[in-house]
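>>> For reference, the sequence and a predicted model appear below.
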Amino acid sequence: MSEPLVYTFLVDGDNFTSAGEASVKMKKNLRMLAIAPDIIRRVAIAMYEGEINMVIHAGGGTATVSVHNDKIEIVLEDKGPGIADVELAMREGFSTAPETIRNLGFGAGMGLPNMKRNTDSMTIESTVGVGTRITMTVNL
Amino acid sequence: MKILEISKLLNAEVCWGEDRLESEVCSACGSDMMSDVLAFVKDQAVLLTGLVNSQVIRTAEMMDMRCVVFVRNKKPSEEMLDIAKESGIVVLASPMRMYDACGVLYANGLGDHGETANHE
């Protein structure tokens, strides 16, 4: 397999109920590719946290997952408000999620740190008023 | 512990997964904060929660859990049960409060580390 397998998902920003659908589908795809269960779980958690973030903060976006021979790359892109202070956003417990989101069980300020913890690399490119692009990789 | 035993100990209604009650699970956790479940839980097969929305089932699916127990008489919606069916996750609803439900399971041998899963 020299060419990566690429999966693209639209993440609907208007519907909190459907948030996570892309991660569920991707999880199934990875199972069919016979990827190791612990790798699948790490990809699923990182992607799901990212999806939830895009729905909460950015009005949705796209998720592109590429399965290479040696790694899985997850790219999350949105045209949301951007992250003003990435370092602050990465701090555990820091959250700008509104109370309504906390009542739904999210917004504890664990999302970004948890994405980093579950992946082997993570870069955040964000411009206020333009959007955010997060690239994560999990080594195989 | 079999999921069937959990349902009996918690006096719980089986909302979905009647045919999966014989499944064995070795550990459980309780939380209303899905962010924390995603960040801190590791290999727990049962999630007890008082939060009721579809993301609870999705979170359980992401964590490879086998069973979700709603406490304090909360009932899942049809939509949530559809997601549970899709993922093969048993859904129980118990009248007990979170503290009591966790305590009863713990006292009956269902810990949070899944020791029984590791015996040779």
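Sure, I can see it. Numbering: from 1, shown residues only, chains lettered A, B, ... in the order given.

>>> secondary structure element for A:Val138?
Assigned by DSSP states H and E, A:Val138 belongs to strand A:131-139.

>>> ok, A:Tyr7 to A:Lys79 distance?
21 Å (C-beta to C-beta, to the nearest Å). For the C-beta atoms, the positions are set from N, CA and C on the backbone; glycine is no exception.

>>> Need phi/psi at the spatially most central residue of chain B.
By C-alpha atoms, centre = their mean, the mean C-alpha position of chain B lies nearest to B:Val68, the distance being 2.9 Å. When read as degrees, to the nearest 10, the backbone of B:Val68 gives phi -120, psi 130.

>>> what does the strand holding A:Val138 rub up against?
The contact list for strand A:131-139, computed with C-beta atoms under 8 Å, 6 or more residues apart in numbering or on different chains, reads A:39, A:42-43, A:46, A:50, A:58, A:61, A:70-80, A:82-83, A:115, A:118-126.

>>> PyMOL command to pick out the buried ones of these?
A single PyMOL command selects the buried members of the contacts of strand A:131-139 (16 or more other C-beta atoms under 10 Å in any protein chain shown):
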select buried, chain A and resi 42+43+46+50+58+61+71+72+73+74+75+76+77+78+79+80+82+83+115+118+119+122+124+126
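
>>> Mind checking which of the contacts of strand A:131-139 are in strands?
Secondary structure defined by DSSP state E assigns A:61, A:71-78, A:121-126 of the contacts of strand A:131-139 to strands.

>>> Could you let me know which of the residues you listed ends up closest to chain B?
Nearest to chain B out of those is A:Ile74 (C-beta to the nearest C-beta; 13.7 Å).

>>> The residue nearest to the closest one when sequence neighbours are not counted: how many residues sit nearby?
Nearest residue to A:Ile74 in three dimensions, chain neighbours excluded: A:Met136, at 4.6 Å (C-beta to C-beta, 6 or more residues apart in numbering or on different chains). A:Met136: 25 surrounding residues under other C-beta atoms under 10 Å in any protein chain shown.

>>> From A:Glu49, how far off is A:Met136?
Using C-beta to C-beta, which is the criterion applied here, A:Met136 is 10 Å from A:Glu49.

>>> joint contacts of these two?
A:Met115.

>>> what about A:Val6, which SS state?
State at A:Val6, reduced to three classes by DSSP: H, G, I helix; E, B strand; the rest coil: strand.

>>> Ok, B:Leu105 next?
Quick answer, by three-state DSSP: B:Leu105 is helix.

>>> which residues touch it?
Here B:Leu105 is in contact with B:Met1, B:Ile6, B:Leu9, B:Leu10, B:Ala28, B:Val46, B:Leu48 (criterion: C-beta under 8 Å, 6+ apart).

>>> redo that, cut-off 10 Å
B:1, B:5-6, B:9-10, B:25, B:27-28, B:30, B:46, B:48, B:69, B:96, B:111-112 (C-beta atoms under 10 Å, 6 or more residues apart in numbering or on different chains).

>>> And A:Lys71, by the same measure?
A:Pro4, A:Ile39, A:Thr119, A:Asp120, A:Ser121, A:Thr137, A:Val138, A:Asn139, A:Leu140.

>>> So in terms of bridging, what pairs with it?
Per DSSP bridges, the residues bridged to A:Lys71 are A:Asn139.
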